[in-house]
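Asks: Below are the sequence and a predicted model for it; my questions follow.
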Amino acid sequence: MEDIVRDLVRIVLVPLLIMLGGFLLEMLAIRARGVRKGTYKFKLWLRRADGSLHHDAPCNIGEIARRVRSRDQRADRLVDIIQLASFEDYTGLSFDLCISAFTTDIVVLLNQRKVAQVAPWAAGTIAFHFLSLVWVTVLVTANQRMGPDQPETRAKRRTVQAIVLGFFTLVSGFIMLWGAL
Amino acid sequence: MMRNETDLLDFVGSLGAVLTTIAAVVFFGQRASDVGKGVLYSLGVVIVIVSLPGIAPRRWLGQLRGHPRASHEGWRSLLQVSLRNPVDPQVRDELQRAAA
């Protein structure tokens, strides 16, 4: 029973606390970017005369109102307005989790070098963590390139997917850490 | 163009995540304790379930597509925010007229 509790604390609670700490910092950073001096910032999706889409950020409500008022025919057409601080931005947390997993790998390798024995599966763990980082990057890129006509649910799914993958990476890093030390 | 690019990235990321997770579960499953195995298997199942919509063909997942973000949605959220964050009433009227 004691072993199970110790394992739970080591493999689940410690990574969970790291994730919550990272999430808190991420939340503060995103809020600082999306809300300035009590007013919200927005990302504008604009359509050029040739039909291509591009975005402009951050804009405050005054700038948007000026665009609406000007009704300049030469200006790009306003397609959509999205709040800058949105749930999709939390994909950055998955990066933090993968980096934490890499840190545990390095700690394990450094300690193993001290006792002059390197676990044969350490290379496999690092390769897995690197691959996870690659997939997280791909998912984050997909979210960033999402146009205004894309379903918002998909962006939320990718965010959850990236965070769970990051947490999985961190947990596996801790399994390696406690197994090897 | 942008939509196809996003879908391709979604597909590659989701497929990669699923394959890597399965490999990791097999790899770590042999070395982890019972608690570790339980945690890894649970998280692995969650990752596979969450990744499936990114991999499976669209026609299989018609119901899971969600609602496309219409152009007026942005206006609506802007108006909600502006109502929470009081702005110049003239600006708000202008935006409401534009959104109508």
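Replies: The structure has been received and is ready for your questions. Numbering: from 1, shown residues only, chains lettered A, B, ... in the order given.

Asks: So residue A:10 is in contact with residue A:173, correct?
Replies: No. Taking contacts as Cβ atoms under 8 Å, residue A:10 lies outside contact range of residue A:173: 11.5 Å. All C-beta spots, glycine's among them, are computed from the backbone N, C-alpha and C.

Asks: Same drill for the two, tell me which one is more crowded.
Replies: For residue A:10 versus residue A:173, neighbours defined as other Cβ atoms under 10 Å in any protein chain shown are more numerous around residue A:173 (27 against 18).

Asks: the longest helix in chain A is where?
Replies: Across chain A, the longest stretch assigned as helix under DSSP state H is helix A:152-180.

Asks: quick one: is that one near chain B?
Replies: Yes. Helix A:152-180 lies within reach of chain B by Cβ under 8 Å from any Cβ of the partner chain, at A:152-154, A:157-158, A:160-161, A:164-165, A:167-168, A:171-172, A:175-176, A:179.

Asks: Pull out the buried positions in that helix.
Replies: A:152, A:154-180 (16 or more other Cβ atoms under 10 Å in any protein chain shown).

Asks: With stretch A:124-134 instead?
Replies: So stretch A:124-134, judged by 16+ other Cβ under 10 Å, has buried residues A:124-126, A:128-129, A:131-134.

Asks: Could you list the low-confidence segments of chain A?
Replies: Residue ranges of chain A with pLDDT under 70: A:35-39, A:58, A:68-75, A:113-120, A:148-149, A:180-181.

Asks: meant to ask about chain B, not that
Replies: Short version for chain B, where the test is pLDDT under 70: B:1-3, B:57-100.

Asks: gap between the nearest residue to residue A:12 once chain neighbours are set aside and residue A:142?
Replies: Excluding the flanking residues, the one nearest residue A:12 by Cβ to Cβ, 6 or more residues apart in numbering or on different chains is residue B:39, at 5.8 Å. Distance of residue B:39 to residue A:142, computed by Cβ to Cβ, to the nearest Å: 27 Å.

Asks: From chain A, how far out is residue B:16?
Replies: 4 Å (Cβ to the nearest Cβ, to the nearest Å).

Asks: which residues of chain A fall in strands?
Replies: A:35-36, A:39-40, A:42-47, A:53-59, A:77-83 (DSSP state E).

Asks: Same list, the ones you listed, but as TSV with mean neighbour count and distance to residue B:19 please.
Replies: Listed next are the strands of chain A as TSV, based on neighbours: other Cβ atoms under 10 Å in any protein chain shown; distance: least, Cβ to Cβ, whole Å:
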stretch	mean neighbour count	distance to residue B:19
strand A:35-36	14	39
strand A:39-40	17	40
strand A:42-47	20	33
strand A:53-59	15	32
strand A:77-83	19	32
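
Asks: Make a markdown table out of those and add distance to chain B.
Replies: Converted to a markdown table, the strands of chain A look like this (distance: least, Cβ to the nearest Cβ, whole Å):
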| stretch | distance to chain B |
| --- | --- |
| strand A:35-36 | 9 |
| strand A:39-40 | 5 |
| strand A:42-47 | 7 |
| strand A:53-59 | 6 |
| strand A:77-83 | 4 |
